[in-house]
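Colleague: Below: sequence and its predicted model.
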Amino acid sequence: MFVRLDMTTAGDSGALLVALVNYLLRPSTQASMPLLGLQALPLDVLGYTVSRALPLIVPDMRASKAASDGHHRV
């Protein structure tokens, strides 16, 4: 998945994208990937993405609270 780091001009869309990525990276979501016919991320890739890449995404800080509720929490 390609995600732009600078989402400051995307409004609520940027915050919603961060929430989606956050959801996809949750351990519970990763554990259910095989049930959907998908492969979970390798642990080293998952760890790097959560600790190093996800914090680099900058959403629009003016996004609504509902849109940005999941920002950077895995």
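Modeller: The structure has been received and is ready for your questions.

Colleague: tell me the SS of residue 31?
Modeller: When classified by DSSP: H, G, I helix; E, B strand; the rest coil, residue 31 comes out as helix.

Colleague: ok, how many other residues are close to the closest residue to it other than its chain neighbours?
Modeller: With sequence-adjacent residues excluded and distances taken as C-beta to C-beta, 6 or more residues apart in numbering, residue 31 is closest to residue 40, at 7.0 Å. Just so you know, the C-beta spots here come from the backbone N, C-alpha and C atoms, and that holds for glycine as well. If you count neighbours by other C-beta atoms under 10 Å, residue 40 ends up with 14.

Colleague: Going by neighbour count, list what's buried in the helix of greatest length in the chain.
Modeller: For the chain, the longest helix by residue count, based on DSSP state H, is helix 12-25. By 16 or more other C-beta atoms under 10 Å, the buried positions in helix 12-25 come out as 14, 15, 16, 17, 18, 19, 21, 22, 25.

Colleague: Of those, which pair is most distant in space?
Modeller: With distances taken as C-beta to C-beta, the most widely separated pair in those is 14 and 25, at 16.7 Å.

Colleague: okay, the residue nearest to residue 31: pLDDT?
Modeller: Note on residue 40: pLDDT of 96.

Colleague: got it, and residue 59?
Modeller: As predicted, residue 59 sits at a pLDDT of 83.

Colleague: so how far is residue 44 from residue 52?
Modeller: Taking C-beta to C-beta, to the nearest Å as the measure, residue 52 falls 11 Å from residue 44.

Colleague: For residue 24, see how far away residue 49 is.
Modeller: As for residue 49, its distance to residue 24 is 10 Å (criterion: C-beta to C-beta).

Colleague: Next one: the residue minimising distance to the centre of the chain from residue 30, what distance?
Modeller: The centroid of the chain falls nearest to residue 21 when counting by C-alpha atoms, centre = their mean (2.1 Å). For residue 21, the distance to residue 30 (C-beta to C-beta) stands at 12 Å.
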